[in-house]
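> Requesting a structural model of the entry that follows:
(chains A and B, ligands or ions: 2)
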Amino acid sequence: MSVIETRGLSRTFESRVRPRGFAASLKSLVKPERRVVNAVRGIDLEVERGEVLAFLGPNGAGKSTTIKMLTGILHPSGGTARVLGLDPARDRMKLAMGIGTVFGQKSQLWYHLPASDSFRLLGAVYELDDATLARRTAELVERFALAPYLETPVRKLSLGERVRCEIAASLLHKPEILFLDEPTIGLDVVAKREVRVLLDELRREDGVTIFLTSHDIGDIEKVCKRAVIIHHGTVVVDESMKELKHRALRRKRVGVKWAGPADSSLPGLEPIKRTEDAAKYDVDTTKHRLEDVISALAARGELVDLTVEDEPLEDIIAAIFASRSEEEAHVAAGARL
Amino acid sequence: MRFASTFRFLGRAFAVNVKAVLEYRVNFFLQVFGMMLNNAAFAVFWKVLIDRTGGVGGYGFTDIMFVWAVSSTSFGLAHVVAGNIRSISRMVREGELDVYLLQPRDVWLNVVCSRTVVSAWGDFAYGFIVLALMPGVGLGRWLVFLAIIPAAALVFAAAFSAAETLAFWLGDSQGISGALQEFLLSFSLYPETIFEPGMRWIFYTLVPSAFVAYVPLAAWRSLDWGAVGVVWAAALAWLIITRALFRAGLKRYESGNKMGARI
Ligand SMILES: Nc1ncnc2c1ncn2[C@@H]1O[C@H](COP(=O)(O)OP(=O)(O)O)[C@@H](O)[C@H]1O
Ligand SMILES: [Mg+2]
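Ligands and ions are numbered 1, 2, ... in the order given. Purely as a prediction, here's the structure:
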């Protein structure tokens, strides 16, 4: 059964363009110039119960706007959405009981108070009686290892600790779907992994449906089974994480810095950027083993820095578009014969 | 059931608000006493004025003091319980309603009741002190006062909220609600009779000074419980209008991506 279903879901924003200069200001008083942003244009999506979906896209692709329409924050300007069988804009309150939401950039915890106070308030918000609230809090504190932070004002927590409290807070009422909008934004590698592990546990043990956005594939590839990539407000890829990884994540960007000048050319692999003591490579891992590349680089001189990054999402999308238009060209050419 | 649950929620919210401001205890007490001192200074001013002139527009000193007590305590109560009534415009503009829209609660109630304004505690206490110090206030008068306070507070809360809610259409309406506060408070402090009869209708509609000052005074002078009922009726009317306005505005809410925390 699908718990999320959208048809042609769209949202536009109208913003007034700031006039430049005196004459333009006068003109804008009479007839303000407006700019229309099509943030989300016609998204069709179906998510089954228990699925873990990565909703990916570069900044400004429309991820947050989509989540806000699915959770009842924004009214769509076109199309329809059903979440748990409800229309989010019309049945907001009812829906709120069944979903949990975490925005990496917006906190639902009281900044000056310990998380335990926010939990108690949320208990009343979600109509949990005191016994249930105490039991749920104890469970989440245990699972998220929150005991050391629970009584510390949120403002004094590290970002990683805070995000864990945020996720725990969103689960107090046992939601069926958990929406997370860039939950790992700004986290260091260790904290990111902690969030990943927690989400994976939620999926396995509680069967919670997870809808997670990110602008970074590598971040969540291990948690999510399905990947939807959106770009300029439309879905460009909807496939299993495995397929996407096979297709996209085989390229890594390796950056290196040596203690002194070093020879940066490797057999069969030219750097895309180089200086005397540093270089950057695009490594196709189906052609070169990452391990080999790194040991070859280490052999060229003393390493002071080494980074391995996934290809930026924009580049992956561009590659997907390129391969598609190539395919289409083939199909078109084939049709002509 | 739903009613009881709403009260439990509002009670918890209030407790959390108080705890949050008491995190900075010294600041809390400084602001509260500062506000009371400020109000007391005005009382002295009026006392001097009325002793010299023998009354303004038919008001004696105790009338003035009662009007002060009612408007100050109800204004205070509105900001103590619903401290965000003057923040709606900013919250709309900066996309801060998201958190409230995600919760299974009435959004307006949830938004306005999620803060308490510290200095308003001083305003709230002020009316009680004035009445306690005033000679010859019997039980009947106290009851009238107590019955009017929540209704007048609702009038303040609903009127300020309505002005702030215009931000959904105008983008920013802090100027309007600021002006409303200025008019509402300054009209409340003077007798209705010093204003032109042609403009008095305003006090019963757009700038509802009548319901936080003139009608309460009538109720107090002659222990008129009908007048108390009028204040309650006005409060409910304002509440209905404000909530309809807010609900219409929410459809236009655009959220936004600004970072935010609940402070
Ligand atoms: N409240 C708003 N007003 C105007 N434009 C907006 C608003 N919210 C989002 N947008 C625009 O819509 C587009 C999609 O934004 P968003 O959904 O936040 O993207 P993402 O979350 O994928 O980074 C962007 O171009 C953004 O500038
Ligand atoms: Mg976003």
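> Which positions in chain A make contact with ligand 1?
Within reach of ligand 1 by CB under 6 Å from any ligand atom, chain A has these residues: A:13, A:15, A:37, A:39, A:57, A:59, A:60, A:61, A:62, A:63, A:64, A:65. Backbone N, C-alpha and C define where each C-beta goes, glycine included.
> Restrict these to the buried ones and give me that as a ChimeraX selection.
Per 16 or more other CB atoms under 10 Å in any protein chain shown, the buried members of these correspond to this ChimeraX selection:
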select /A:13,39,57,61,62,63,64,65
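> okay if I get the residues of chain A next to ligand 1 as CSV plus secondary structure?
Putting the residues of chain A next to ligand 1 into CSV (DSSP: H, G, I helix; E, B strand; the rest coil) gives the following:
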residue, secondary structure
A:13, strand
A:15, strand
A:37, strand
A:39, strand
A:57, coil
A:59, coil
A:60, coil
A:61, coil
A:62, coil
A:63, helix
A:64, helix
A:65, helix
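> quick one: least confident of the residues of chain A next to ligand 1?
Ranked by pLDDT, the residues of chain A next to ligand 1 bottom out at residue A:15, which has 79.
> Quick check: that residue touching residue A:35?
Yes: using CB atoms under 8 Å, residue A:15 is in contact with residue A:35, at 5.5 Å.
> List the contacts of the residue nearest in space to the middle of chain A.
The centroid of chain A falls nearest to residue A:214 when counting by CA atoms, centre = their mean (1.4 Å). By CB atoms under 8 Å, 6 or more residues apart in numbering or on different chains, the contact set of residue A:214 is A:54, A:55, A:56, A:182, A:184, A:220.
> run the last query once more with 7 Å
Residue A:214 is in contact with A:54, A:56, A:182, A:184, A:220, counting by CB atoms under 7 Å, 6 or more residues apart in numbering or on different chains.
> Contact residues of the stretch 51-200 of chain B facing chain A?
Remark: the part of the stretch 51-200 of chain B in contact with chain A comprises B:98, B:99, B:101, B:102, B:103, B:104, B:105, using CB under 7 Å from any CB of the partner chain.
> By neighbour count, which of the residues you listed wins?
Comparing these by number of neighbours (other CB atoms under 10 Å in any protein chain shown), residue B:102 comes first, having 26 neighbours.
> if we can go back for a sec, can you tell me which of the contacts of residue A:214 are in strands?
Taking DSSP state E as the definition of strands, the contacts of residue A:214 contribute A:54, A:56.
> export the contacts of residue A:214 to CSV and tack on pLDDT?
Formatted as CSV, those follow (pLDDT from 0 to 100):
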residue, pLDDT
A:54, 93
A:56, 91
A:182, 92
A:184, 88
A:220, 75
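> What is the most widely separated pair among the contacts of residue A:214?
Farthest-apart pair in the contacts of residue A:214 is A:56 and A:184; separation 12.7 Å (CB to CB).
> of those two, who's got more company?
Legend: neighbour count by other CB under 10 Å for residue A:56 and residue A:184, higher for residue A:56 (28 against 24).
> I figured that one hits residue A:229, correct?
Yes: counting by CB atoms under 7 Å, residue A:229 is a contact partner of residue A:56 at 4.7 Å.
> and the gap between whichever residue of the stretch 51-200 of chain B sits closest to ligand 1 and residue A:59?
Minimum separation of the stretch 51-200 of chain B from ligand 1 (CB to the nearest ligand atom) falls at residue B:95, amounting to 6.5 Å. As judged by CB to CB, to the nearest Å, residue B:95 and residue A:59 stand 17 Å apart.
> Can you tell me the element residue B:91 falls in?
helix B:88-93 (DSSP states H and E).
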